[in-house]
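> starting from these lines, generate the structure:
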Amino acid sequence: MNADNHTCGRGPDSQFVELAVEVFTMLADATRVRLILALRDGELSVNHLADIVDKSPAAVSQHLAKLRMGRIVTTRQEGQRVFYQLENEHASQLVADAIFQAEHSLGGTPRHHHHQTNEGS
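Numbers count the residues shown, from 1 in each chain. The predicted structure follows:
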């Protein structure tokens, strides 16, 4: 088991630790987290994303450019419109786990544990 962690780069001495910190830094913005949540179900245009996160298309474009530079999102162009989608499932999972952790900070049993408890019954 420990060997698996080491080969996958999840050990404390991993060469990927600094890169992981850069990912956390990239996600340390509420608008970017909202954009990732919005993109979980598939690609969307800048204007559609701007409506979802209640920001101007210009502001959303700037955030998406940073996410693209960090290889968290990719683009597809159709005529003049650009569509964004998540590069892979990891950013979505990372954001979901961060939200689950945030639910724990409220005390009590978080909603995501209620769901697991109900499934086991």
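> going forward, measure contacts and count neighbours with C-alpha atoms only.
Will do.
> for residue 19, give me its contacts.
Not one residue lies near residue 19 by Cα atoms under 8 Å, 6 or more residues apart in numbering.
> oh, I was asking about residue 47
Contacts of residue 47 by Cα under 8 Å, 6+ apart are residue 57.
> which strand or helix spans it?
helix 46-53 (DSSP states H and E).
> quick one, helices of this protein?
2-7, 17-26, 30-38, 46-53, 57-69, 90-104, 111-120 (DSSP state H).
> quick one: low-confidence ranges for the chain?
1-7, 108, 110, 114-121 (pLDDT under 70).
> out of the helices of the chain, which is the most enclosed?
helix 30-38 (a mean of 19; mean count of other Cα atoms under 10 Å).
> which residues are contacting it?
Contacts of helix 30-38 (Cα under 8 Å, 6+ apart): 26, 27, 49, 52, 53, 63, 64, 67, 86, 91, 92, 95.
> show me which pair in those residues is furthest apart.
Spatial extent of those (Cα to Cα) is set by the pair 26 and 52 at 19.9 Å.
> which single one of the contacts of helix 30-38 is nearest to residue 43?
residue 86 (7.6 Å).
> okay, now that closest one: neighbour count?
Other residues lying near residue 86 total 24 when counted by other Cα atoms under 10 Å.
> now it, nearest residue through space, not along the chain?
Among residues not flanking residue 86 along the chain, residue 73 sits closest, at 4.3 Å (Cα to Cα, 6 or more residues apart in numbering).
> tally of neighbours for residue 72?
Neighbour tally, residue 72, other Cα under 10 Å: 22.
> what sits against it?
Residue 72 neighbours (Cα under 8 Å, 6+ apart): 86, 87, 88, 91.
> mind listing the residues bridging to the residue lying closest to residue 68 once chain neighbours are set aside?
Once flanking residues are discounted, residue 68 sits nearest to residue 74: 6.0 Å by Cα to Cα, 6+ apart. Residue 74 has these beta-bridge partners by DSSP bridges: residue 85.
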